[in-house]
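Model the structure of this input:
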Amino acid sequence: MSRTQRFFRIVWRINSVFVLLAGAVVCYEVISMAPYLFSWNSDQQKVAEAAPPVGVSNSGERLVLRSLSPVPGTTVLRGELETISPGNGPSSSFAPGKDVRNLLFVKDHARTGHWLLPDNDHIITEHSDISAENAERDHTPPIATVVLVKPAHQDLAVAEGTLLLFATSGDHVQTVATGVRELHSAVVQGKEVLILFERNRKYRVAVFESPSLQKKDERELEVPQLK
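Numbers count the residues shown, from 1 in each chain. Got it, this is the predicted structure:
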């Protein structure tokens with residue numbers, strides 16, 4: 001056997017050892033995480049069974065109402081309707097995080113609340129309260145709220161959805177735009193609300209009067225191409 005053949009045989013054996021070690025580490029991590037994930041999923045099922053019933057989605061996921069708390073600076077209660085499923089867990093490489101399917105609003109002294117969306121088979125991927133300039137957090141009510149809603153069970157990174165703007169009480173809902181892939185920002189400048197979003201691979205800016213939320217304009221934001 002030549003020296004070259006011996007050299008490559010040694011290299012191949014060393015690589016095999018490293019592959020086996022890497023596989024062992026991965027197996028160890030998966031096994032060590034299994035009890036934790038099983039316990040978490042079991043706890044979530046208990047939460048769903050103990051919480052007030054809010055039904056199930058059309059796809060069969062169990063739903064639970066969470067984070068029911070006042071909108072900052074108001075007495076309006078707002079809660080998030082989330083799914084309870086094995087893939088909806090704490091942030092990790094195995095779980096993408098919560099799926100918010102709807103928002104519940106309860107006005108002052110009201111005995112019943114109302115939902116933002118008419119169904120629970122969509123996911124609210126972006127959610128932003130729009131506050132006035134120099135507003136004190138937790139003390140000044142937001143002017144409005146903007147959300148991006150996409151169909152469930154799609155690749156949310158590329159799927160298109162509907163951008164909604166509404167009052168902090170969940171009323172006066174209006175569609176900013178459809179076919180939106182991503183919401184980038186929503187800010188107040190002077191007496192205008194500016195919403196920057198992405199649609200059809202272009203940036204667009206929608207302009208609304210503040211605080212009436214009447215739409216004034218929508219325009220494309222031109223981005224110079226690099227040369």
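
Let me see the contact set for the closest residue to residue 79 other than its chain neighbours.
Excluding the flanking residues, the one nearest residue 79 by Cβ to Cβ, 6 or more residues apart in numbering is residue 68, at 3.5 Å. Every residue, glycine included, has its C-beta placed from N, CA and C. The contact partners of residue 68, by Cβ atoms under 8 Å, 6 or more residues apart in numbering, come to 77-79, 104, 106.

ok, so of these, who is nearest residue 144?
Closest approach between those and residue 144, by Cβ to Cβ: residue 78, at 13.1 Å.

Now the residue nearest to residue 79. Its backbone dihedrals?
phi -80, psi 100 (degrees, to the nearest 10).

And it, what's its pLDDT?
Looking at residue 68, its pLDDT is 90.

same question, residue 45
pLDDT recorded at residue 45 is 55.

Kindly report the same for the one 4 residues further on.
In this prediction, residue 49 carries a pLDDT score of 59.

Same question for the one 5 residues further on.
pLDDT recorded at residue 54 is 72.

In JSON lines: the contacts of residue 68, plus secondary structure, distance to residue 207 and neighbour count.
Shown next, in JSON lines, are the contacts of residue 68 (DSSP: H, G, I helix; E, B strand; the rest coil; distance: Cβ to Cβ, whole Å; neighbours: other Cβ atoms under 10 Å):
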{"residue": "77", "secondary structure": "strand", "distance to residue 207": "30", "neighbour count": "16"}
{"residue": "78", "secondary structure": "strand", "distance to residue 207": "26", "neighbour count": "23"}
{"residue": "79", "secondary structure": "strand", "distance to residue 207": "31", "neighbour count": "19"}
{"residue": "104", "secondary structure": "strand", "distance to residue 207": "30", "neighbour count": "18"}
{"residue": "106", "secondary structure": "strand", "distance to residue 207": "31", "neighbour count": "19"}
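
Residue 177 and residue 215: what is the separation?
For residue 177, the distance to residue 215 (Cβ to Cβ, to the nearest Å) stands at 10 Å.

neighbour count winner among these two?
Counted by other Cβ atoms under 10 Å, residue 177 and residue 215 do not tie: residue 177 has more neighbours, with 19 against 16.

Quick one: residues in contact with the helix or strand hosting residue 126.
Assigned by DSSP states H and E, residue 126 falls within strand 122-130. Residues from elsewhere that reach strand 122-130, judged by Cβ under 8 Å, 6+ apart: 71-72, 99-103, 142-152, 156, 161, 168, 182-183, 185-188, 193.
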